[in-house]
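Visitor: Prediction below, plus the sequence it came from.
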Amino acid sequence: MVGAGSAFNTGSMALDPFLQTKWLQPAKKTAILATGTNFADALAAGPVTYREGFPLVLTDGTAASLTASAKAALVENDITQVLVLGGTAAIKAEVATELTGMGIQVLRIEGADRYATATKLADFARLTSPSPLQVDGGLGWSYSTVLLASGTTFADALAAGPWGGDRAWPIVLTTQAVLAGNTQTWLAANRVPLTSVVTLGLGSAVSTAAMNAANLAIV
């Protein structure tokens, strides 16, 4: 069991055993930073953290600096690159500046809302990286399937993160009743190479109407 007094401390404590697993190549000192005060961006990162071995570090999105536990985790584990998820409403600009001042390369992946940020991360995953040490060019995933999960509840996307990562399938998010507009636009724009959308938690999490709209978007 890994646990602490807050989400920020627990995430940092989990970093040490994570870095000792086979998933993280020693040269890839890359972490993902997301707000711990809202779960959506962290959920979208699930497949990436699992497949690439990039630990997920949570910080207080309302603060203008890293939490002490997040900063300690990055320093103690020699993290040299951080992918910041979300816009400045999720992780403030001052935090990115702080990371740069620590000698850490920062790449912010953001969209207009949680749904657009998830699709931006899916785009990033598909781009080809220029070298093993430089992830800002992308992760080089080749996928024709995406997972669709609720962006307002966390259980389904959380459970599916490792499954998506194992298959290099990103997670995109939606509202319950209707397919989120940014997600629908992204699916339609990527109907090639997409061939299928796997909906998680049909019913109370994602409506049949939202699922059908997602399937139609890639036709």
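Guide: Everything's here; your move.
Visitor: and the helix or strand containing residue 42, what does it pack onto?
Guide: Using DSSP states H and E, residue 42 sits within helix 40-44. Helices and strands touching helix 40-44, by 3 or more Cβ pairs under 8 Å, 6 or more residues apart in numbering; DSSP states H and E, are strand 30-35, strand 81-85, helix 114-126, helix 155-167, strand 171-174. (Each C-beta comes from the backbone N, C-alpha and C, glycine too.)
Visitor: got these as CSV, with mean pLDDT columns?
Guide: Shown next, in CSV, are those (pLDDT from 0 to 100):
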stretch, mean pLDDT
strand 30-35, 96
strand 81-85, 96
helix 114-126, 96
helix 155-167, 97
strand 171-174, 98
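Visitor: and the residue most central in space within the chain, how far is that from residue 188?
Guide: Residue closest to the average C-alpha location in the chain (Cα atoms, centre = their mean): residue 45, at 1.9 Å. Residue 45 is 24 Å from residue 188, where distance means Cβ to Cβ, to the nearest Å.
Visitor: related to what we said a few turns ago, now find how far off-centre the helix holding residue 42 is within its chain.
Guide: Remark: helix 40-44 is offset 5 Å from the chain centroid, using Cα atoms, centre = their mean, to the nearest Å.
Visitor: Alpha carbons of the very next helix or strand once past it, in CSV - could you do that?
Guide: Beyond helix 40-44 on the C-terminal side, the first helix or strand identified by DSSP H and E is helix 46-52. Taking C-alpha atoms only, helix 46-52 is exported to CSV below (Å, rounded to 0.1, in the frame of the first residue of the first chain):
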residue,chain,number,x,y,z
GLY,A,46,-3.2,7.0,-17.9
PRO,A,47,-2.2,5.1,-21.1
VAL,A,48,0.9,7.3,-21.5
THR,A,49,2.1,6.8,-18.0
TYR,A,50,1.6,3.0,-18.3
ARG,A,51,3.2,2.5,-21.7
GLU,A,52,6.0,5.0,-21.6
